[in-house]
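Q: Mind looking at a prediction? Sequence and model below.
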Amino acid sequence: MKGKIFQKKLVLQILVAIVGLMICGVGVGIFLYSQLGVDPASVLQLGLGNVFHVSYGTASALSNIVILFIVFIVDKSYINLSSLLAIFGIGYTADFVSFLLDFFIKGEPGIAIRILMILIGCLIMAVGIATYIRAGLGVGAIDMVSEVISNKLKFSYRIVRVVCDITFVVVGYLLGGIVGVGTVVAAFMTGPAVQFVRPYVYKVTDKVLRDSRG
């Protein structure tokens, strides 16, 4: 009986994580379409995509795989289900959403619309982040970088995270990634946005996960 409950809970956790990652992908896709810059990690992935002539989704998947390979060598205990699910969950969803927006929106959106899009994208990303973290299956590979460095070198996580984000932006920009107002919005507003939506998201996710107890 306990085994069945555990299996049901794990399945629901995986589903919640997948939904959260895909919601993140929707937010990133809106950011991409705005052409006003994306979050720091996506700047790096766009730069890699530019260098290797692949889509954002493929660049995201490849960068996640490389990071997970390095983390596996350093300390495989950091690798979790969410880090594996994130390989494909965010990037290809963002590609699809960007494609849909490009297909349905005719003409070049004005600057006001594009700014509105990055604000909406940031809010959607926040919902996705709160959802997949609440699933309790760990974090994605990109977020894992700061965590591993902070723990292994005994540095402040906040400082390491800022340094990593700046590094992602600089390297990504040099490789051809898009940096703009959207990058600033993502860097400074994502955290507060996650905090704002967290209570509302948790009401839904907790209800779903409680159902695992039958």
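A: Nice, thanks for sending it over. Bear in mind the structure is a predicted one, so any value in this text is a computation, not a measurement.
Q: for the protein, which helix is longest?
A: For the chain, the longest helix by residue count, based on DSSP state H, is helix 2-34.
Q: Tell me the first helix or strand C-terminal of it.
A: Where DSSP states H and E defines the elements, the next helix or strand beyond helix 2-34 is helix 40-52.
Q: can you give me how far that following helix is from the chain middle?
A: Here helix 40-52 is found 14 Å from its chain centre; the criterion is CA atoms, centre = their mean, to the nearest Å.
Q: That one: which residues count as buried?
A: 40-50 (16 or more other CB atoms under 10 Å). Just so you know, the C-beta spots here come from the backbone N, C-alpha and C atoms, and that holds for glycine as well.
Q: In space, what's closest to the residue positioned nearest the centre of the chain - neighbours in sequence excluded?
A: The chain has residue 24 as the residue nearest its centroid, 5.4 Å off, counting by CA atoms, centre = their mean. Closest residue in space to residue 24, ignoring its immediate chain neighbours: residue 128 at 3.3 Å, by CB to CB, 6 or more residues apart in numbering.
Q: Low-confidence stretches in this structure?
A: 1-6, 211-214 (pLDDT under 70).
Q: Tell me who's in contact with residue 131.
A: The contact partners of residue 131, by CB atoms under 8 Å, 6 or more residues apart in numbering, come to 16-17, 19-20, 23, 201, 205.
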